[in-house]
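Q: coordinates only, sequence not included:
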């Protein structure tokens, strides 16, 4: 039992400079971005003995991949999501849930301007693909969610503004991921969710 959800988003055209607070030496203070958390939402209680969080994604640290430059890591945030939203609720069972990060990449591509007076642009594509499966002695079930966001900005955008828009990109990516992964878990892993009232037949 497997479902693949692709989340489409409009390409964002971002320009302009953000206001920065000035320090005594007239230099702008770098903005700090906090890690995302999901513990404000009710956890999804799985009828398993434990939840294992794994990552099969290996960053290359070379362009066109730029996920390592982001102020908030997509891979780390996905692990946080699993830790805070998935909860083992049947310690007497032999079942195990595996949350596997398959992709957490961001690529950068330069796009030439179509007209002479326009600036070249940088296009970013962030991709998050995760599989959640429950394994027991008699049966198993799994669901896969793939979410992505795209972002376009002028090629001469400052690093401060890039980080701001990258952070917003990750926030929106996980808003969509959170919604669809929860929905898929209740639908396709329904027999392994505690107090789940929905029954899905195939």
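A: Yep, that arrived. Note that the structure is predicted; figures quoted are calculated from it, not measured.

Q: for the top helix by length along the chain, buried residues please.
A: Looking across the chain with DSSP state H, the single longest helix is helix 159-188. For helix 159-188, the neighbour count (16 or more other CB atoms under 10 Å) marks 161-167, 169-170, 172-174, 176-178, 180-182, 184-186, 188 as buried. The C-beta positions use only the backbone N, C-alpha and C, and glycine is treated the same way.

Q: which residues in the chain form strands?
A: Assigned by DSSP state E, the strands in the chain fall at 4-7, 12-13, 44-46, 50-55, 86-88, 96-111, 121-135, 140-154.

Q: dump those to JSON lines, plus mean neighbour count, mean pLDDT and distance to residue 34.
A: Shown next, in JSON lines, are those (neighbours: other CB atoms under 10 Å; pLDDT from 0 to 100; distance: least, CB to CB, whole Å):
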{"stretch": "strand 4-7", "mean neighbour count": "14", "mean pLDDT": "36", "distance to residue 34": "23"}
{"stretch": "strand 12-13", "mean neighbour count": "12", "mean pLDDT": "28", "distance to residue 34": "22"}
{"stretch": "strand 44-46", "mean neighbour count": "21", "mean pLDDT": "98", "distance to residue 34": "23"}
{"stretch": "strand 50-55", "mean neighbour count": "15", "mean pLDDT": "98", "distance to residue 34": "21"}
{"stretch": "strand 86-88", "mean neighbour count": "18", "mean pLDDT": "98", "distance to residue 34": "22"}
{"stretch": "strand 96-111", "mean neighbour count": "18", "mean pLDDT": "98", "distance to residue 34": "18"}
{"stretch": "strand 121-135", "mean neighbour count": "20", "mean pLDDT": "97", "distance to residue 34": "18"}
{"stretch": "strand 140-154", "mean neighbour count": "20", "mean pLDDT": "96", "distance to residue 34": "19"}
